[in-house]
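Novice: Here is a sequence together with a model predicted from it:
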Amino acid sequence: MHHHSPQTHIQTMTNVFSKDTLSISFERLKDHRIRLNIDSDFLFSSRKSRLYVNEENLAAEIETLWKSIKTKKLESTVISFEEIDWYDDTMNTYKTPVVRMQRNLKKAHISHQERDSIPKDWGVSLRFVLTDTSTNTPLLEVIKKAIGTHLNADKEEELVKKLKPFLQKKVERAMIEF
């Protein structure tokens, strides 16, 4: 008898993030480029189990997201999954997908991380690298496209405030939590 793994179908990137655990952070890389991190618990994870994600769907979502973003400042994006609290070692290793898209790639590139433990839960991490910018417009565009309605007016205002000293290079990093 075949046992089919439940495959997770991701409709839009917004559906990937759990609003209660969402955080957005910015850090400046050595060459002044900006890394934007969007992290949260993974909405589809079944607790205390292996992660099942349809990686072709995930890659298609990343490509769609990439094409929807107009700013020329965006260089690359990568989505991966993080273990939250170790739970149990398994005898078998298994893989979780890492999907990357960057300028000059026609299609998203799928690679894998080897896992050998089952966590209590799964987190999802979406990272973008952008060339240096002194305005928040490209960053806000990327965030809005990635998390959609999770960014309400209040959060956007908080974000703009936190970004100001960061974009002026007065601080190395900035962060907001939802």
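Specialist: Structure received. Computed from a predicted model, the values in this text were never measured in an experiment. Residues are numbered from 1 along each chain as shown.
Novice: Could you identify the longest strand within this protein?
Specialist: Longest strand of the chain, by residue count under DSSP state E: strand 74-102.
Novice: What is the following helix or strand past it packed up against?
Specialist: Using DSSP states H and E, the next helix or strand after strand 74-102 towards the C-terminus is strand 109-130. In this structure, strand 109-130 packs against strand 34-41, helix 55-68, strand 74-102, helix 137-147, with contacts taken as 3 or more Cβ pairs under 8 Å, 6 or more residues apart in numbering; DSSP states H and E. Bear in mind the C-beta positions are built from the backbone N, C-alpha and C, glycine included.
Novice: Can you tell me the strand partners of strand 109-130 and which way each runs?
Specialist: In its sheet, strand 109-130 lies beside strand 34-41 (antiparallel), strand 74-102 (antiparallel), with partners assigned from DSSP bridges.
Novice: Show me what counts as buried in it.
Specialist: Arg115, Ile118, Pro119, Asp121, Trp122, Gly123, Val124, Leu126, Arg127, Phe128, Val129, Leu130 (16 or more other Cβ atoms under 10 Å).
Novice: who's in contact with the residue nearest the centre of the chain?
Specialist: Computing the C-alpha centroid of the chain and ranking residues by Cα atoms, centre = their mean puts Leu126 first, at 1.2 Å. Shown in contact with Leu126 (Cβ atoms under 8 Å, 6 or more residues apart in numbering): Met13, Val16, Asn37, Ile38, Asp39, Thr77, Val78, Ile79, Ala146.
Novice: Quick check: closest non-adjacent residue to the fourth one.
Specialist: It stands for Ile38. Leu126 (4.4 Å; Cβ to Cβ, 6 or more residues apart in numbering).
Novice: how close does the one you found get to Leu163?
Specialist: According to Cβ to Cβ, to the nearest Å, Leu126 and Leu163 sit 18 Å apart.
Novice: rewinding a little: what residues are bridge-paired with the residue nearest to Ile38?
Specialist: With DSSP bridges applied, the residues forming beta bridges to Leu126 are Ile38, Ile79.
Novice: Give me the buried positions along the longest strand of the chain.
Specialist: 74, 76-81, 83-84, 94, 96-101.
Novice: where does the helix or strand of the chain with the lowest mean pLDDT sit relative to the chain's centre, distance-wise?
Specialist: In the chain, the helix or strand scored least confidently by mean pLDDT, DSSP states H and E is strand 74-102, which has a mean of 89. Between the mean C-alpha point of strand 74-102 and the mean C-alpha point of its chain there is a distance of 11 Å (Cα atoms, centre = their mean, to the nearest Å).
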